[in-house]
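*Asks:* Provided below for reference: sequence and predicted model.
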Amino acid sequence: MIHRRLAGLLAAASASIITLLVTPMGVVPAAAASYYPISGTGSTWSQNALDQWRSNVAKNYAMTINYTGAGSTSGRRDFIDGTVDFAISEIPFQSRPEDGSSPEKPTRGYAYMPIVAGGTSFMYNLKISGKRVTNLRLSGDTITKMFTGAITNWNDAAIQADNPALAMPNKKIVPVIRSDGSGTTAQFTLWMATQYSSIWRTGMTSQFPSFGNSKAQKGSDGVAGYVSQSYGEGAITYVEYSYAKKAGFPVAKVLNKSGYYIEPTAYSVAVAMLSAKINTDTSSSAYLTQILTGVYNSTDKRAYPLSSYSYAIVPTEVGGIFNTNKGNTLGAFMRYVLCEGQQQADTLGYSPLPMNLVLAGSDQIKRIPGAGNKGVDTANCNNPTFKAGDSPSKNQLASVAPQPAACDRKGTSQCSTGTAGATQSTPVTGTGTGGTATTTTNGTTTGTTGTTSGTVDGNGNVVPGSSTGTAGTAASSPFSLPDQGMGASQWLMVASALLLVAAVVVPPLVSRRLRTGAGDAS
């Protein structure tokens, strides 16, 4: 009887420990148990970041965040209809939608919250003499003409002028545009309308008009997917930089106001966003929305001119399918986004938010019903753009941004190194007047025809001979991010399993040993 009682007590103790771990009494599961699934729709521009963050919090915090990249326009309308808990968009609600639909007027309170910065890039698929081009340079004037049908061939004089080291091919340009209402389209057309209004006369629009040889595809995956296929040779599209990195394809370096052709890296975007103006009127319905004229006109030679950031539209009132239980999840997720989530922004092809936007976003989180009036602790935020004690105006990423290479300056022969996800460099001749070139084994290139022959280095200078090799093509590969390690929920399951085994195995062993001991004593 005593043996059975002891075995029962051990089993009960083990079961109690398991119960403590898997019920709301445990520290980590207490938060997990209160996380209700939430859903959102909207931007594909920032979807690669959203998808990574959703995966991270599901693994480490047992949060379920459902998200559909249906386009910014759809996201804003779903939020108005109350069918989602949050939306993601690159532009605010539109009082006069360009498609003639009703004004976008939510009936419940909402707030805009920046979630990630990035660059709208120009991903392309082009070959010269069978070799992939990965170092294309384009001015804004040239880009605007390519996407309005004013420039239709890759050997146009304007493109050749941007690329003096390349013998541009006689091939039709295929501009790939979005078929759906898109924040990416809105960002691109706003830039053209602001900077090249004599060419682009449509103004900012979420619906890109079809023209000439253009091909319309749905979503960022759709336009990037078209360009990356073999039938996409000759195509160019506008898409967030992340998609080119994911596909293993290059993007054009865009000419900025200082006369340098710049790629939209995390550094160049961070520098450009220093010139953005933010609506700081907390009483305004447009609080935290961006004014990008300063970004477009930044004279910092490191700045990428088409830089911007994406917003989460979060509710400040209960309504539709949203309630305070979901607000607790949404608040926790957005705190993660502003801090730990920003660590992977660069790897994913974005640029992390600076402290001033993190602080402003923190205040917006406090307005979410059910979020517990809890914002972000910047001293323990782990955001790569600032350290504890920094002033809100400082951006660590921008402060260490590298200067552009001499061969990125307008008027130079141009660099041979590839951009974005391209895995190879482009052979260059240094002339752009015809002919081909092959890549050398020491990183320079050898021109075989044209007005200048011989080996050309990355700065466009002719140097003594080098042995030649063969240039390859960019390889498409998915993102491969570092393992985040086991999260709280995984450790909880391991501990629970071990204790369960102990509850089953230990009591019989103890009981048997006690019976044996009692027999020996007798």
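*Replies:* Yes, it's here.
*Asks:* Send me stretch 411-428 as CSV with only the CA atoms.
*Replies:* Only the C-alpha atoms of stretch 411-428 are listed here, as CSV (Å, rounded to 0.1, in the frame of the first residue of the first chain):
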residue,chain,number,x,y,z
GLY,A,411,30.5,59.7,-67.3
THR,A,412,32.6,56.8,-66.2
SER,A,413,32.9,53.5,-68.1
GLN,A,414,30.9,51.7,-65.3
CYS,A,415,31.6,48.9,-62.9
SER,A,416,31.4,45.3,-64.0
THR,A,417,30.1,43.9,-60.7
GLY,A,418,26.5,42.7,-60.6
THR,A,419,23.7,43.9,-58.4
ALA,A,420,20.9,42.4,-56.2
GLY,A,421,20.8,38.6,-56.5
ALA,A,422,23.0,38.4,-59.6
THR,A,423,25.8,35.9,-59.0
GLN,A,424,28.1,37.0,-61.8
SER,A,425,29.6,40.2,-63.1
THR,A,426,29.1,41.6,-66.6
PRO,A,427,31.8,41.6,-69.2
VAL,A,428,32.5,45.2,-70.3
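*Asks:* what are the ranges of the helices in the stretch 151-300 of the chain?
*Replies:* 157-162, 183-195, 219-228, 241-247, 266-273, 293-296 (DSSP state H, counting those that start in this stretch).
*Asks:* quick one, which of those is nearest to Ser425?
*Replies:* Closest to Ser425 of those is helix 241-247 (C-beta to C-beta; 16.0 Å). Glycine gets a C-beta too; all of them are placed from N, C-alpha and C.
*Asks:* Tell me the gap between that closest one and the middle of its chain.
*Replies:* Chain-centre distance of helix 241-247: 9 Å, with C-alpha atoms, centre = their mean, to the nearest Å.
*Asks:* which strands and helices sit next to that helix?
*Replies:* Packing contacts for helix 241-247, counted by 3 or more C-beta pairs under 8 Å, 6 or more residues apart in numbering; DSSP states H and E, involve helix 47-61, strand 110-124, helix 219-228.
*Asks:* pLDDT of stretch 257-266, averaged?
*Replies:* Over the span of stretch 257-266, the pLDDT mean works out to 98.
*Asks:* can you check stretch 64-76 too?
*Replies:* So the average pLDDT for stretch 64-76 ends up being 97.
*Asks:* Next: stretch 81-99.
*Replies:* 93.
*Asks:* Please apply the same query to stretch 382-395.
*Replies:* Computed over stretch 382-395, the average pLDDT equals 93.
*Asks:* Quick one: neighbours of Ala371, just the number.
*Replies:* Neighbour count for Ala371, taken as other C-beta atoms under 10 Å: 22.
*Asks:* ok now do the residue nearest to it when sequence neighbours are not counted, which residues does it touch?
*Replies:* Nearest residue to Ala371 in three dimensions, chain neighbours excluded: Gly331, at 2.7 Å (C-beta to C-beta, 6 or more residues apart in numbering). Applying C-beta atoms under 8 Å, 6 or more residues apart in numbering to Gly331 gives the contacts 365, 368, 370-372, 374.
*Asks:* can you list the helices of the stretch 151-300 of the chain in JSON lines and add mean neighbour count and distance to Arg96?
*Replies:* Output for the helices of the stretch 151-300 of the chain, formatted as JSON lines (neighbours: other C-beta atoms under 10 Å; distance: least, C-beta to C-beta, whole Å):
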{"stretch": "helix 157-162", "mean neighbour count": "17", "distance to Arg96": "34"}
{"stretch": "helix 183-195", "mean neighbour count": "24", "distance to Arg96": "13"}
{"stretch": "helix 219-228", "mean neighbour count": "22", "distance to Arg96": "25"}
{"stretch": "helix 241-247", "mean neighbour count": "27", "distance to Arg96": "30"}
{"stretch": "helix 266-273", "mean neighbour count": "28", "distance to Arg96": "27"}
{"stretch": "helix 293-296", "mean neighbour count": "18", "distance to Arg96": "20"}
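*Asks:* follow-up on the earlier one: out of the helices and strands packed on helix 241-247, which is closest to Ala193?
*Replies:* Nearest of the helices and strands packed on helix 241-247 (C-beta to C-beta): strand 110-124, 13.8 Å.
*Asks:* Spit out the contact partners of Gln190.
*Replies:* One thing to correct before we go on: residue 190 is Leu, not Gln. Here Leu190 is in contact with 91, 204, 292 (C-beta under 8 Å, 6+ apart).
*Asks:* what would these look like in JSON lines with neighbour count and distance to Glu340?
*Replies:* Conversion of the contacts of Leu190 to JSON lines gives the following (neighbours: other C-beta atoms under 10 Å; distance: C-beta to C-beta, whole Å):
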{"residue": "Ile91", "neighbour count": "22", "distance to Glu340": "27"}
{"residue": "Met204", "neighbour count": "18", "distance to Glu340": "33"}
{"residue": "Leu292", "neighbour count": "22", "distance to Glu340": "27"}
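*Asks:* Adding distance to Leu397, write these out as JSON lines.
*Replies:* Output for those, formatted as JSON lines (distance: C-beta to C-beta, whole Å):
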{"residue": "Ile91", "distance to Leu397": "25"}
{"residue": "Met204", "distance to Leu397": "28"}
{"residue": "Leu292", "distance to Leu397": "19"}
